[in-house]
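1. Let's see this in three dimensions:
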Amino acid sequence: MKTISLFLVTFTILTTQAQDWSAIQKSFSTSYSLETAGKYDGAASEILRIYKEDSYEINLRLGWLHYLAGHFNESEGYYQKAIKIAPKALEPMLGIVYPLSAQNKWDEVVKQYQNILLLDPKNTTVNYRMGMIQYTRKDYKTAKNFFSTVLNLYPFDYDATLMLGWCEYQLGSNSEAKTLFQKALVARPGDKSATEGLGLIK
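-> Predicted coordinates for the structure are as follows:
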């Protein structure tokens, strides 16, 4: 009798889980279609119908959709929940940068990037973006280190080559800057920024 009862309980749980996944898949499918049509609020509403606070996937999806809809505070909140659920996942850390950037919360953007680099020190996207932030802040020496990390992994990367060239120029290393601008022109012939940099070097 106990065996039958246990079987019925287990079957009920599995059936509920199957139904939950079926509902989740259906809502996500509908939300993808609505997103493609540019109906971001509708796409978010579709996901909210099956909302579960402890679901990583749902919170991540809502973070993205609210960002697209221009609801940056809400987007940030959902991404924070996803980060809390999966603290070693890079997805929500990269995702939350979008609403933070839209609100000009650059110190918090840097904090997220630093957290990512603790988990993935050679992440080229984050190293490049950190380089750009530091370059904008005129911390050329720190920016140089970030761009150099990218180039060590991808020596023919145009963007990192160009920006490292500008860092060297700003630091007064004209010879190094000239070489880097020339390399950038090999990667992208006729590039305006690299050509401008060469023109500034006497």
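
2. residues of the host helix or strand of residue 77 that come out buried?
-> Per DSSP states H and E, residue 77 falls inside helix 72-85. Neighbour-count burial for helix 72-85, with 16 or more other Cβ atoms under 10 Å as criterion, is recorded at 72, 74, 75, 76, 77, 78, 79, 81, 82, 83, 85. Heads up, the C-betas are built off the backbone N, CA and C, glycines and all.

3. with those in mind, which one is nearest to residue 91?
-> Nearest to residue 91 among the buried residues of helix 72-85, counting by Cβ to Cβ, is residue 82 at 7.4 Å.

4. Let me see the contact set for that closest one.
-> When contacts are counted by Cβ atoms under 8 Å, 6 or more residues apart in numbering, residue 82 touches 56, 59, 60, 63, 89, 91, 92, 95.

5. go on, residue 56?
-> 82, 85, 86, 89.

6. could you pull out the strands for the chain?
-> Using DSSP state E, the chain contains no strands.

7. how's it carved up into domains?
-> Per automatic domain parsing, the structural domains of the chain span 24-120, 123-202.

8. could you dump these to JSON lines with mean pLDDT?
-> JSON lines is the format used below for the domains of the chain (pLDDT from 0 to 100):
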{"stretch": "domain 24-120", "mean pLDDT": "96"}
{"stretch": "domain 123-202", "mean pLDDT": "97"}
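
9. Quick check: buried residues in stretch 189-202?
-> 191, 194, 197, 198.

10. Format the CA atom coordinates belonging to it as PDB.
-> Taking C-alpha atoms only, stretch 189-202 is exported to PDB below (Å, rounded to 0.1, in the frame of the first residue of the first chain):
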ATOM      1  CA  PRO A 189      42.800  49.800 -44.700                       C
ATOM      2  CA  GLY A 190      42.000  53.500 -44.800                       C
ATOM      3  CA  ASP A 191      40.700  53.600 -41.300                       C
ATOM      4  CA  LYS A 192      39.900  57.200 -40.300                       C
ATOM      5  CA  SER A 193      41.000  56.900 -36.600                       C
ATOM      6  CA  ALA A 194      44.300  55.100 -37.300                       C
ATOM      7  CA  THR A 195      45.100  57.600 -40.100                       C
ATOM      8  CA  GLU A 196      44.300  60.500 -37.800                       C
ATOM      9  CA  GLY A 197      46.700  59.000 -35.200                       C
ATOM     10  CA  LEU A 198      49.500  58.700 -37.700                       C
ATOM     11  CA  GLY A 199      48.900  62.300 -38.700                       C
ATOM     12  CA  LEU A 200      49.400  63.500 -35.100                       C
ATOM     13  CA  ILE A 201      52.800  61.800 -34.800                       C
ATOM     14  CA  LYS A 202      55.700  64.000 -36.100                       C
END
